[in-house]
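**Q** Below: sequence and its predicted model.
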Amino acid sequence: MTGLAAADEHELRRHATMRAIALRAGSSHMPAARGRVRLVASAATPAALADALDAYAAQQPSAAVQVHLAPLRPRLAVLCSGQSDVYAGMARVPCAHSAAFAGALERCDAVVELPGATLRALLDGSAAGASFEDARVAQPALFALQAALVALWADWGVTPDAVGGHSLGEYAAAHAAEALTLEDGIALVAERGALTQRLASGGRMVAVLTDAETAWAAIRADGGPVEIAALNAPEVVTLSGPHEHVARVAASLAAQDVPVTRLDTTHAFHSVCMNTLLEPLAQAAARVPFTPPRIPFASALEGRLLTDDEALDGSYWVRHLRQPVRFRDTVRALAEAGCTAFLELGPHATLTRLGARCLPAGDVQWVPSLRRGVDQAATLRAAAQQLWLAGFDVDLARVARDVRSRASSRATA
């Protein structure tokens, strides 16, 4: 895999020729990567890569080569997804091959002890007996994954210009914004998970494909304690509350031909079912030394970028647990701040799909780090290539080293 950049396509073709010559000579020489016209090429061997570059230089088609005009001022937003996506083995490849990723997991495991498994075992799929239906497992596992992805992308030369998160993912976003250390973050999220498991009253969450007004009408008609837990995108709303009440509202909406999907979460977050956690969580968060974000932080609680004098303190995280997620507004705020690409940190492409519904098609790049059921090495390589083409100086040599193709590491869980 190689990436080239130039001021125009004529110069890019000359760079491709130079790189092909270097590859055939066994040299690591790379032409200077400056300019908006960007190329990425990948092949199984150096010889095949050189052939692909020669084909591009000769203006011949090659499936191994991609070319893109990057924005004049590329800016990267990192988005950390919420709890519903976690699963065993969600990071087998980076666990096995990225020292930066594995090092972050080791730091997390040094702080917390989970029931039944280490965090590394949960993420690499070797854990036996641990259940992601247990909030004591699911919540810290997600934070650990996302903190390790922050470390992995930084090792590959990728750091955010702004950050945001969805529900539980905002804790990892606070870490990515340098407002929360990895050790304090994993300890707080583990305590949050334990409080959830011990004190929360269960409940149910469902996603409904309709507008907020229609959802509120169904909630009012039922008269029970169901709430809008998230405004994810135009006509994508999440409802949360006690089982029987959510079931009735969901049935009412389904009778109006509104698509309804039950979410795979451990509890009914952002609802009355969380009330018993509020005071203990406030006490836990008050013990954590948060600092002002050093990277612009788009709050899904507020639906906008926080100002310099707004703190991510204990009161923030209590309101964060109880009030709706305004993800749609978060995405729009980041786009208005000039972000041209959104990199999702999480085990699947959930926010990538939701975010793409919030902005006009083609305005920005949406890049998931991982996709459930898809080869992890291939997904990470594709993400790195997409970011390079979008104008970010990814260290593609390090990427190739850390996600090299091996039959033993082709995880698709």
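**A** Arrived safely.
**Q** dump the residue contacts of the residue nearest to the spatial centre of the chain.
**A** Per Cα atoms, centre = their mean, the C-alpha nearest to the average position across the chain is that of Leu345, at 2.1 Å. Taking Cβ atoms under 8 Å, 6 or more residues apart in numbering as the definition of contact, the neighbours of Leu345 are 78-81, 145-146, 149-150, 153, 169, 172, 176, 369. Placement of C-beta: from N, CA and C, glycine included.
**Q** switch the cut-off to 6 Å
**A** Counting by Cβ atoms under 6 Å, 6 or more residues apart in numbering, Leu345 touches 78, 80, 146, 149, 369.
**Q** cool, and Gly193?
**A** Residues touching Gly193, when contacts are defined by Cβ under 6 Å, 6+ apart, comprise 135-136, 139-140.
**Q** Let me know the average pLDDT across the lengthiest helix in the chain.
**A** If each helix of the chain is counted by residues according to DSSP state H, the longest one is helix 135-155. For helix 135-155, mean pLDDT rounds to 97.
**Q** Now do whatever helix or strand comes next after that helix: which elements does it pack against?
**A** Next in sequence after helix 135-155, counting helices and strands by DSSP states H and E, comes strand 162-165. Packed against strand 162-165, as judged by 3 or more Cβ pairs under 6 Å, 6 or more residues apart in numbering; DSSP states H and E, are the following elements: strand 76-80, helix 169-176, helix 327-336.
**Q** Please state the offset of the second one from the chain centre?
**A** For helix 169-176, the distance between its averaged C-alpha position and the chain's averaged C-alpha position is 10 Å (Cα atoms, centre = their mean, to the nearest Å).
**Q** try the longest one
**A** With Cα atoms, centre = their mean as the basis, helix 327-336 stands 15 Å off its chain's centre.
**Q** Would you mind writing the CA trace of stretch 56-66 as PDB?
**A** Extracted C-alpha coordinates of stretch 56-66, given in PDB (Å, rounded to 0.1, in the frame of the first residue of the first chain):
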ATOM      1  CA  TYR A  56      -1.800   5.000 -13.700                       C
ATOM      2  CA  ALA A  57       1.200   7.000 -14.900                       C
ATOM      3  CA  ALA A  58       0.400   5.700 -18.500                       C
ATOM      4  CA  GLN A  59      -3.200   6.800 -18.000                       C
ATOM      5  CA  GLN A  60      -4.400   3.200 -18.100                       C
ATOM      6  CA  PRO A  61      -7.200   1.900 -15.800                       C
ATOM      7  CA  SER A  62      -6.200   0.000 -12.700                       C
ATOM      8  CA  ALA A  63      -8.500  -1.300 -10.000                       C
ATOM      9  CA  ALA A  64      -5.600  -1.100  -7.500                       C
ATOM     10  CA  VAL A  65      -5.400   2.800  -7.800                       C
ATOM     11  CA  GLN A  66      -7.800   5.400  -6.300                       C
END
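**Q** Buried residues of that stretch, list them for me.
**A** By neighbour count with 16 or more other Cβ atoms under 10 Å, stretch 56-66 contains the buried residues 56-57, 62, 64-66.
**Q** Turn the residues you listed into TSV, columns for distance to His97.
**A** What follows is the buried residues of stretch 56-66, written out as TSV (distance: Cβ to Cβ, whole Å):
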residue	distance to His97
Tyr56	29
Ala57	32
Ser62	27
Ala64	23
Val65	25
Gln66	24
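**Q** thinking again about what came up before, out of the helices and strands packed on strand 162-165, which is closest to Ser42?
**A** Proximity of the helices and strands packed on strand 162-165 to Ser42 was assessed by Cβ to Cβ; the nearest stretch is strand 76-80, lying at 21.5 Å.
**Q** could you give me the average pLDDT of the closest one?
**A** Averaging pLDDT along strand 76-80 yields 98.
**Q** which helices and strands does the helix or strand that it is followed by pack with?
**A** Later in the chain than strand 76-80, the nearest helix or strand by DSSP H and E is helix 92-97. The contact analysis (3+ Cβ pairs under 6 Å, 6+ apart) places helix 92-97 against helix 119-124.
**Q** Tell me which residues are up against the helix it packs on.
**A** Contacts to helix 119-124, defined as Cβ under 6 Å, 6+ apart, come from residues 91-92, 95, 105, 108-109, 127, 130, 141, 144-145.
**Q** What's the local residue count around Arg14?
**A** 14 (other Cβ atoms under 10 Å).
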